[in-house]
Each structure stands twice: as C-alpha cells, then as structure tokens.
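*Asks:* Build the 3D model from these lines:
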Amino acid sequence: MTQKETISTRRQPEKSIPFRHEYAIYGIGLFATSTHFMLMPIVPLFAAQHLGLEAGLLAGIALGCRPALSLFFSIHAGVLMDRIGTNKVLLVMGMAALMTPFMYPALPYIWAFIVIQLISGMTDSIGWMGAQTLVGQVLKGRTRYAGRLGAVIRIGHIVGPPAVGHTWDLAGPWAAFSLVGLCGVGYLVCTLMLPPIPNSRERTAKENGTSVSPIQLRDLTPRLEDYLASFRLLSVPAVAITVLIGMMVHVGNNIHSTFFVYWLGEVEGISATLIGYLVALSSATAAAGSLWATSLRRRFKAYWILWTSVFVALIIICITPLISSAPVKALIGTSIGWLIEISPLIAAYVGFCLMSCLRTLSNGVHQPLVINLMLATAGPEAKGRAIGLRGTANRVTSVLGPVMLGWLAGLIGLEGGFYVMGIISAIFMFWIAWLMKKHPEIHPENRRQ
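*Replies:* Next comes the predicted model:
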C-alpha cells in the first residue's frame, strides 16, 4: 500500500452506529447494573431485619454469595454469546431479572435467600457482561462508547437506590422489591431492540457456503475445552494483568455493597432512604470518573491509571470504621456548623458521603479502561470469551471479599476486619504493580512506539 493510499485509508470516516442500537446497549447495561444497585440498600437490611442475620461468617456467606453462580458460568455465558448470539443469552437473563426481585419477600428464609442471591447475581452479572461484549460486537470496541456506557449506567445507580430506599421506609419490602422488578422489563425491551448479530456458527456457515446448523443441546452445555481456551488467554501478560486488576476492583465493590451498607444501617443507624441517597450521590461521581477516563488516557499510560484508580478505591472502602471515629466526626462537625445541632448523625453521614464519592470517582475511571483494554487483546471470535474470563475472575474476589470480611468480623470484630482487608488488598496491589514493571510491553503506548 502506498503512502497516499495509507493516508486516504486513515482519513476514511468511521461507519456510524444507529442511535437505536447504541441506546439499546446502554439500556442493557443500565438496567442490568441498576438491579444490583437498587438491591444494595435493601438486601443487607432485609437480611438483618427480616432474617435476623448478625455480622459473622453466615452473614458473609449469605450476602457475599450473590456472584458465586456467575463465577462458574461467566466463561460459559461468554462462549454462548459468541456461539449462539449475545441476543439470545440476554433474553433469557432478562426474563430471570424480571422474576427474582419478587422472590426475596415471597420466601423469607435463609436457604431461599441464598438461592435467590445466586440467581439474581447471575442475571445482572451476565447482563453487564453482555453490554460489554456488545461494545465490541456492535460498537467496534471504541473507548468513547465504553466511556458513554460507563456514564449512562450511572443514571439508574443515581435514581434507583434513593427510590427503592424511600419505598422501603414508606411501604416495606414488597413494594421496594417490586420496584426493582421494573428493571427486568427495561432489560427485556432493550434486548429486543438489538440488531441481528452474527454468531460464530453463522459466520462459519457463510464462509463455507453452507446453511446454519440448528442449535443443539450440546451447543448449550458447558465444555471443558471452552474453559481451557478461555484460561489460555491468561498466558498473554496484558490479559493476565488486566484480569488481576479487575479482580481487586470487586473486593472493594462487594464489601461496599454488603458490609459497608450493614455498617451504615446497623452500626450508625442510618435509614434505608439516606443509604439510598448516599449510593446515588456516589454513583453520580462515578459517572464523572467514567467520562474523565478518556481525557486521562491521553496524558498517562492506561494501565497505570487503571492501577491507581483501583488502589485508591480499595483503600478508601477499607477505612470505613475510621469515618465513625470521634475525631473524624468532630472535624466534620466543625465544618458543617449548625447542622450538627440538628442531629449528631449528620456528621457521620456527611463523612460517609464524602468517602463514598471519592471511592466511586476512582472506580468510575477504571471501568471504561478495563473494558477497552480487555477487548483490545481479544480477537473477533473471542470477545465474549475474554469478557467471560474477566467476569469469572471478578466473581472469585466478589465472593471471597465479603466472606473473608465476615469471617474476620467473627474473629476480631467488624472494625478490625475492615483494616485487615485493607492491608491484604494493598499487598496484592503492590504485587500487581511489580508485574506491570516487569512487563512493560503490556502498555499500548509502548507498542505504538
């Protein structure tokens, strides 16, 4: 190709994406993740107030088991998205997302609570995986679309938690969980708006000039070779390091959605409505972080931005008890003046709002970067598999984080458990930083030189 032809190719405009398809993908991400955020203020309160769970190992298992089912099926779901189509997988998950919220108040037993947590966790997890996969399949994996997705999903995170928390305080569990069920309706509608997406079977048939074979049971069942092929992606340093950083994100995220909310409600006595507003406020700052990521990437190396944002978010969640300490409350009290006279609770609430906003601002920065970097390392036939691998790895720490904190709470108390988790997380993050220094070739900036 001549220099003139190369310049001409570079100047060709990008093929436009129909707004209907773009919005459908954002909607799937919005409704799938909003289910998780709307359940965040009310599930720990339901467990404590209606099931009688106290901080300890059982509470850690019951609250932390939510991602466990997707731990085993994320890779398979990603493979199915490649094999039979992302649309079909999301349609099934959307129907499950519609039904599971109503099951919490309908079956107020610990065993049922754990089963519902498992199913509900899988629906929103695979829905979010699907939205990320669609960024690669339909939106060509472009960073600006991943950034918009990361920002748009925050709308539900901002509006949903206060609405469901206020509904809980006014009308109780049935009304609150029914409100969450509306996300399942949106999930299904957006899935039906997606364009036809050729799957690997259809592409193979087109290349060979044959008809597409019908879907058979063996196409739907997990295969050992699919899991092995996904795990082989970890032999690529860029993939392995991206996965490791993503795993550490979910240590903080799931502590935030379980024992942080438990601490607010049971230790500080903050109402579900106020917890909902706190989640909404912090989600708004996360949206700003997602939009900020593209600007940061122009100035700094993507992997170091990713590492720094995750490290900051982890440390902030692990100092939760520090915000409850008398010196911090006194410092905040002097800053807000006469408001402290209305209620001493205001000082603690303001402190937790500031802490949560800083944490989610950092978290928002990481999200579009990790999606873009993960998709950039996967070929066209393995985008679902790559996202599935990331989802599986994330679920490991999503489960282990709350369970370990619950176990530590039973041994040394919840306050000490937060601090120990912070120390362990910091050690892992510095190990990942060492790996990043050892493999400078992972940085896209270095590969372009």
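
*Asks:* Could you measure from residue 97 over to residue 38?
*Replies:* 11 Å (C-beta to C-beta, to the nearest Å). Where you see a C-beta, it was placed from the backbone N, CA and C, and this is true even at glycine.

*Asks:* Mind listing the shared neighbours of these two?
*Replies:* residue 183 (C-beta atoms under 8 Å, 6 or more residues apart in numbering).

*Asks:* neighbour-wise, which of those two wins?
*Replies:* Per other C-beta atoms under 10 Å, whichever of residue 97 and residue 38 has more neighbours is residue 38, with 31 against 28.

*Asks:* Hmm, residue 158 and that one touching each other?
*Replies:* No. Using C-beta atoms under 8 Å, residue 38 is not in contact with residue 158; the gap is 11.1 Å.

*Asks:* So in this protein, which helix runs the longest?
*Replies:* helix 345-376 (DSSP state H).

*Asks:* Let me know the next secondary structure element after it.
*Replies:* Using DSSP states H and E, the helix or strand that follows helix 345-376 in sequence is helix 383-412.

*Asks:* Residues contacting the following helix or strand past that following helix, please?
*Replies:* Downstream of helix 383-412, the first helix or strand assigned by DSSP H and E is helix 414-438. With contacts defined as C-beta under 8 Å, 6+ apart, helix 414-438 is touched by 55, 237, 240-241, 244-245, 248, 251-252, 255, 259, 262-263, 267, 303-304, 307, 310-311, 314-315, 317-321, 401, 404-406, 408-409, 411-412, 442.

*Asks:* Mark which of these are part of helices, please.
*Replies:* 237, 240-241, 244-245, 248, 251-252, 255, 262, 303-304, 307, 310-311, 314-315, 317-318, 320-321, 401, 404-406, 408-409, 411-412.

*Asks:* Any quick ChimeraX command for the buried ones out of the residues you listed?
*Replies:* ChimeraX command restricting the ones in helices among the contacts of helix 414-438 to the buried ones, with burial defined by 16 or more other C-beta atoms under 10 Å:
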select :237,240,241,244,245,248,251,252,255,262,303,307,310,311,314,315,317,318,320,321,401,404,405,406,408,409
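
*Asks:* Tell me where the stretch 51-200 of the chain has helices.
*Replies:* Counting by DSSP state H, counting those that start in this stretch, the stretch 51-200 of the chain has helices at residues 57-64, 68-83, 86-106, 110-137, 143-171, 173-192, 200-208.

*Asks:* What residues sit buried inside the second one?
*Replies:* When you say that, I think you mean helix 68-83. For helix 68-83, the neighbour count (16+ other C-beta under 10 Å) marks 68-71, 73-83 as buried.

*Asks:* cool, and the shortest one?
*Replies:* Residues 58-64 are the ones in helix 57-64 that count as buried (16+ other C-beta under 10 Å).

*Asks:* Also the fourth one?
*Replies:* Buried residues in helix 110-137, defined by neighbour count with 16+ other C-beta under 10 Å: 113-137.

*Asks:* same deal with the third one?
*Replies:* The neighbour-count criterion (16+ other C-beta under 10 Å) identifies 86-90, 93-94, 96-98, 100-105 as the buried residues of helix 86-106.

*Asks:* Number of residues surrounding residue 346?
*Replies:* For residue 346, the neighbour count with other C-beta under 10 Å is 16.

*Asks:* Residue ranges in the stretch 101-250 of the chain under the pLDDT threshold?
*Replies:* Residues of the stretch 101-250 of the chain meeting the criterion pLDDT under 70: 140-143, 198-222, 226-227.

*Asks:* how does it look with 80?
*Replies:* Within the stretch 101-250 of the chain, the ranges that satisfy pLDDT under 80 run 132-133, 136-148, 150-151, 154, 157, 196-239.

*Asks:* Quick check: phi and psi at residue 295.
*Replies:* When read as degrees, to the nearest 10, the backbone of residue 295 gives phi -60, psi -40.

*Asks:* Could you measure from it over to residue 147?
*Replies:* Distance from residue 295 to residue 147, by C-beta to C-beta: 10 Å.

*Asks:* can you list residues touching both of these two?
*Replies:* Common contact partners of residue 295 and residue 147 (C-beta under 8 Å, 6+ apart): none.

*Asks:* between those two, who's got more neighbours?
*Replies:* Set residue 295 next to residue 147 and count neighbours by other C-beta under 10 Å: residue 147 wins out with 24 against 11.

*Asks:* Not counting residues beside it along the chain, what's closest to that one?
*Replies:* In space, and not counting its chain neighbours, residue 147 is closest to residue 368: 4.2 Å by C-beta to C-beta, 6 or more residues apart in numbering.
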